[in-house]
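Trainee: Here's a sequence, model it:
(one chain, ligands or ions: 1)
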Amino acid sequence: MVGLKSHDSRDQHDVVLERKYWDRLADSFSEQVIELAQEDLHGVIDEELCLLAERGSSVVDLGCGPGALIPFLTRRFQSVCAVDFSKPLLEKAEAKHGSASVQFIHADLTCPVRPERQFDVTVCSSVLILKSPLKRRRLLESVLRFTRPGGRMLITVPALESSIHVYRTLIDLREELGDGNGLSRGQARRLFAREVPSILDGNVSIQGVPTHHWMREELLGTLKHFHLKVERERRVEFSWSREIDAAPKHLGAPYPWDWLVVAKKPRSKK
Ligand SMILES: C[S@@+](CC[C@H](N)C(=O)[O-])C[C@H]1O[C@@H](n2cnc3c(N)ncnc32)[C@H](O)[C@@H]1O
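Mentor: Residues are numbered from 1 along each chain as shown. Model (predicted):
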């Protein structure tokens, strides 16, 4: 039966902000969380990393989780640093991807962290998802502090537009394939209202946890506010099976997606 992937509604309202939530996911991370680098249907992230890497350049992966991106980074950059506030996740990353060229740092990026050095490239993939606008702003400030003047940031965030696209596709499937497939308009409305209590806040409930999803314009506007120059914006598409149970094989593009932007930090403070 075709349907929305069931989201376990454990009562975990604000815990997305808490280390403990991520700590608990350490043993089942790849089953429970979309690790974008692994799901990227068209290799967009690797393509962008390739464009960003220069001979001898350094990169930091902020909110590295169990380190799915690290092999992509060590292939292209001379020195790699990986940061996370969850010790169990950082330990997993180190056990799997540790080497002389990779440094691991335990830090909370919503605090005013003062990095010992700055990097040519900063990657922040699926981390700016905190419900609180203030914490998202602090996290972005950390991304900036880790980036050298003139350096680049590669940021990915879940797309709010993609969530709506998934619901519309489920309605289309019901209309195309009949009962037992997709969702009726009424069902879609009710489920959407439960998962996205306020479209204006952009927080989508994932496994009961409010997770910020960004509109393209919101993302571009926020980066502009920080005086960052967006050089490229792209979609990172992933498979329908990540969103829809028993997704029909004929479902193709446009796939669900996250936004990816590459932005440049100004050389001098404006
Ligand atoms: C959705 S996972 C993304 C993991 C990885 N970047 C990826 O793309 O697969 C979010 C990660 O951000 C980390 N994180 C969340 N808030 C953080 C904070 N305030 N400081 C440091 N890391 C944080 C979590 O521990 C988790 O590993």
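
Trainee: contacting residues around the closest residue to the ligand within the stretch 151-270 of the chain?
Mentor: Using Cβ to the nearest ligand atom, residue 156 is the residue of the stretch 151-270 of the chain that sits closest to the ligand, at 7.0 Å. Glycine gets a C-beta too; all of them are placed from N, C-alpha and C. The contact partners of residue 156, taken as Cβ atoms under 8 Å, 6 or more residues apart in numbering, are 36, 45, 124, 125, 126, 236, 258, 259, 260.

Trainee: What about the residues you listed, which are in strands?
Mentor: Among the contacts of residue 156, the ones falling in strands (DSSP state E) are 124, 125, 236, 258, 259, 260.

Trainee: Surely the first one touches residue 62?
Mentor: Looking back up the chat, that one is residue 124. Yes: between residue 124 and residue 62 there is a contact under Cβ atoms under 8 Å: 4.6 Å.

Trainee: Looking at these two, which has the bigger crowd around it?
Mentor: Legend: neighbour count by other Cβ atoms under 10 Å for residue 124 and residue 62, higher for residue 62 (27 against 24).

Trainee: Compute the distance between the more buried one and residue 222, please.
Mentor: Separation of residue 62 from residue 222 (Cβ to Cβ, to the nearest Å): 16 Å.

Trainee: can you check residue 215 too?
Mentor: Applying Cβ to Cβ, the value for residue 215 to residue 222 is 10 Å.

Trainee: who's in contact with the longest helix that the chain contains?
Mentor: In the chain, taking DSSP state H as the definition, the longest helix is helix 160-177. Outside helix 160-177, the residues that touch it by Cβ under 8 Å, 6+ apart are 2-4, 181-185, 188, 191-192, 195-196, 199, 202, 204, 213-216, 218, 240, 243-244, 248, 251, 254, 256-258.

Trainee: same thing with stretch 189-201?
Mentor: Against stretch 189-201 from outside (Cβ under 8 Å, 6+ apart): 4, 7, 131, 160, 163, 167, 183, 203, 204, 205.

Trainee: change it to 6 Å
Mentor: The contact list for stretch 189-201 (Cβ atoms under 6 Å, 6 or more residues apart in numbering) reads 167, 204, 205.
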